[in-house]
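1. Next comes the sequence, and after it the predicted model I'd like to discuss.
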Amino acid sequence: MQATTPSPTKDARTPPGPGGQGGQGGGTSPTGLPGPGASPPAAAPAEPARLYTESERSCVQPALQPAGTTALTKEDVEAGEKNGRRQQQLSEPGQLGQLTFKLRYRQDKSTLVVTVVKCKNLPAKDPGLGSCDPYVKLQLLPDKQHKVKTRVLRKSRDPQYDEDFTFYGINANQLQSITLHFVVLSFDRYSRDDIIGEVFCTLSSVDLTNKDNHQQMLTKNILPRSLKIRSQGRGEILVSLCWQPAANRLTVVILKARNLPKMDVTGLADPYVKMYLLVGGQRVAKKKTHVKKRTLNPVFNESFVLEVPAGAEGLESVSLEFLLLDWDRVTKNEVIGRLELGGSRCTGSALHHWNEVCNSPRRQIAEWHKLRE
C-alpha cells in the first residue's frame, strides 16, 4: 500500500574543564523522510503573547533553599505548581486524554501502516479559550529515522485526524524490536509548541501477523512527558575567541560541548550551535554550525570570522550570544541552553573569559562555560 499524498502538517587548544492529509495522508519515503509537499502545521490565529508556556514551566525544577536564602521567584512558584500537577497526573490515568490509532502490517510489501485516528479529552492549553490547537508527532524507535506528523486542528480538545502514515522497508523480523512513539502537542505561534504528553506502543505486544491484513485499533492514555532536562543540567560548551583590533575582527571557534541533557527517549540529541553577534544589544550577524547527529558530547571544531562594525569602538558595545539547539526534522528545534559573552548580563566565567579576550588581543583564548536556560 502506498499513500498518495504527503501528510500536511581547530586549532585552539582544549583547556581542562571545570568539572499526511486526513484519510489520504501520506507516508514516508523508503529513507524515512516525509513525502514531497510536506508543510508545517497551519498557523493559529494571532493572539496576545504570553509570558510563560506550559512546556517552559514543565522543565523548571526550583532548587531547595536553606534558611536565610532569598525567596522563590515567580518562575519558581509556577514551576512548583506545575510539577505538582504533573505528579498528580501520573497517578490519575487519562488526565491528559486518550489517543486512538490503528496498525496494519502488509508482509507482501514490507510496509507498516499507522493511522492516527483521534485524540479525546485533551487538556486546554489556551486558558482564555478553554481549548488547544493539537497535532500528533510520530516516530519509530529505536532508530528515529522515520518521523511524521498530522495536521494541526485548531481549537479542539477532541481532534479527529484519520490520517494514514505508511512506513516502507519494514521486514517482519523487525517488528518485534520497533516501538511507536507518539507525542501530542499544541501549536503555539509565539513560542515552542506545548507538549501535552506522549504514548508508547511496542509492536511486540500487538499481533500484526494476521493474513487478512486487518487493522488493529488501539486506544491508550496519554502520559506526561517523562523527560526533565532541567534536572539533568544543560551541559557545557567550549568556545575560543581571538580579538584582532587592527582589522576590527573577532574570530570565534566553536569547539565542542559535553554532558548535554537527553532530548528524546533514546537518550540522545541532535545538537548544533547558532551564534549571534550583537552591537549595542542589536543582532547584526548570525552564524551556525553543522548538526551533529545522536550525541550528547558533540565535537564541532568550526571557526567563524565576525567583522565588527567600525562604529563599535572595539568590543565595548559588542557581545556574543550562543544558542545550543536540538535539531528536529518535524517540529521546532528546541533550545537546550544558551551562553552570553560580553554585554551587561555577562557574569562569572563568561565575564572573565570576555575580559581576557579584550585585554589580550591577537591571542586565541578558549574556555568552558556552563549552558543556562
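-> All right, it came through fine.
2. Going by C-alpha atoms from here, please, whenever you check contacts or count neighbours.
-> Will do.
3. Any idea what residue 282 is bridged to?
-> Beta bridges link residue 282 to residue 279, judged by DSSP bridges.
4. What about it, how many residues nearby?
-> A count of nearby residues for residue 282, using other Cα atoms under 10 Å, gives 12.
5. same question, residue 158
-> For residue 158, the neighbour count with other Cα under 10 Å is 19.
6. Please confirm that residue 175 is located within a helix.
-> Yes - using DSSP: H, G, I helix; E, B strand; the rest coil, the secondary structure at residue 175 is a helix.
7. Tell me, how many residues neighbour residue 179?
-> Residue 179: 18 neighbours (other Cα under 10 Å).
8. Now do the residue nearest to it when sequence neighbours are not counted against residue 314, distance only.
-> Spatial nearest neighbour of residue 179, excluding adjacent residues (Cα to Cα, 6 or more residues apart in numbering): residue 202 at 4.2 Å. Counting by Cα to Cα, to the nearest Å, the gap from residue 202 to residue 314 is 58 Å.
9. What of residue 160?
-> Distance of residue 160 to residue 314, computed by Cα to Cα: 58 Å.
10. Endpoint to endpoint, stretch 238-252 covers what distance?
-> End-to-end span of stretch 238-252 (Cα to Cα): 11 Å.
11. Contacts for that stretch next, please.
-> Here stretch 238-252 makes contact (Cα atoms under 8 Å, 6 or more residues apart in numbering) with 12, 14, 253-257, 303-310, 314, 357-358, 360-369.
12. hmm, 7 Å instead?
-> Here stretch 238-252 makes contact (Cα atoms under 7 Å, 6 or more residues apart in numbering) with 12, 253-257, 303-308, 314, 357-358, 361-369.
13. if we can go back for a sec, can you pull the contacts of the residue nearest to residue 179?
-> 178-180.
14. Drop anything exposed from the contacts of stretch 238-252.
-> Burial by neighbour count, judged by 16 or more other Cα atoms under 10 Å, picks out 12, 253-257, 303, 306, 308, 314, 357-358, 361-369 from the contacts of stretch 238-252.
15. Give me the subset of the residues you listed lying in strands.
-> Among the buried ones among the contacts of stretch 238-252, the members found in strands (DSSP state E) are 253-257, 303, 306, 365-369.
16. I'd like those residues as TSV, with distance to residue 189 and pLDDT appended.
-> Formatted as TSV, these follow (distance: Cα to Cα, whole Å; pLDDT from 0 to 100):
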residue	distance to residue 189	pLDDT
253	33	97
254	31	97
255	33	96
256	32	96
257	30	96
303	33	97
306	32	94
365	40	94
366	38	95
367	36	94
368	34	94
369	31	94
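17. Now for residue 114, how many residues are close by?
-> 23.
18. So it versus residue 139, what's the distance?
-> 11 Å.
19. ok, now residue 151?
-> Applying Cα to Cα, the value for residue 151 to residue 139 is 15 Å.
20. go on, residue 111?
-> 15 Å.
21. how about the strands of the stretch 101-250 of the chain, start to end?
-> For the stretch 101-250 of the chain, the strands defined by DSSP state E, counting those that start in this stretch cover 111-120, 134-141, 147-149, 160-167, 179-186, 194-202, 216-221, 236-244, 249-258.
22. quick one, which of the ones you listed is nearest to residue 100?
-> For the strands of the stretch 101-250 of the chain, the distance to residue 100 is smallest for strand 216-221, at 4.2 Å, taking Cα to Cα.
23. in its sheet, what does the closest one sit against?
-> Partner strands for strand 216-221, per DSSP bridges, with pairing direction: strand 98-106 (antiparallel).
24. Next, the angle strand 194-202 makes with the strand it pairs with.
-> Computed by axes from the mean of the first three to the mean of the last three Cα atoms, to 10 degrees, the angle separating strand 98-106 from strand 194-202 equals 40 degrees.
25. Now do strand 98-106 against strand 134-141, angle only.
-> Going by the same axes, to 10 degrees, strand 98-106 makes 40 degrees with strand 134-141.
26. ok and strand 98-106 relative to strand 179-186, angle-wise?
-> Comparing the axes of strand 98-106 and strand 179-186 via the same axes, to 10 degrees yields an angle of 140 degrees.
27. circling back: so which of residue 151 and residue 139 has more stuff around it?
-> Set residue 151 next to residue 139 and count neighbours by other Cα under 10 Å: residue 151 wins out with 23 against 19.
28. Distance of that one relative to residue 113?
-> Residue 151 sits 17 Å away from residue 113, going by Cα to Cα.
29. Relative to residue 339, how far out is residue 260?
-> For residue 260, the distance to residue 339 - Cα to Cα - is 14 Å.
30. meant to ask about residue 216
-> As defined by Cα to Cα, residue 216 lies at a distance of 48 Å from residue 339.
31. now swap in residue 359 and tell me
-> Residue 359 is 21 Å from residue 339, by Cα to Cα.
32. what's the neighbour count on residue 219?
-> Other residues close to residue 219 by other Cα under 10 Å number 15.
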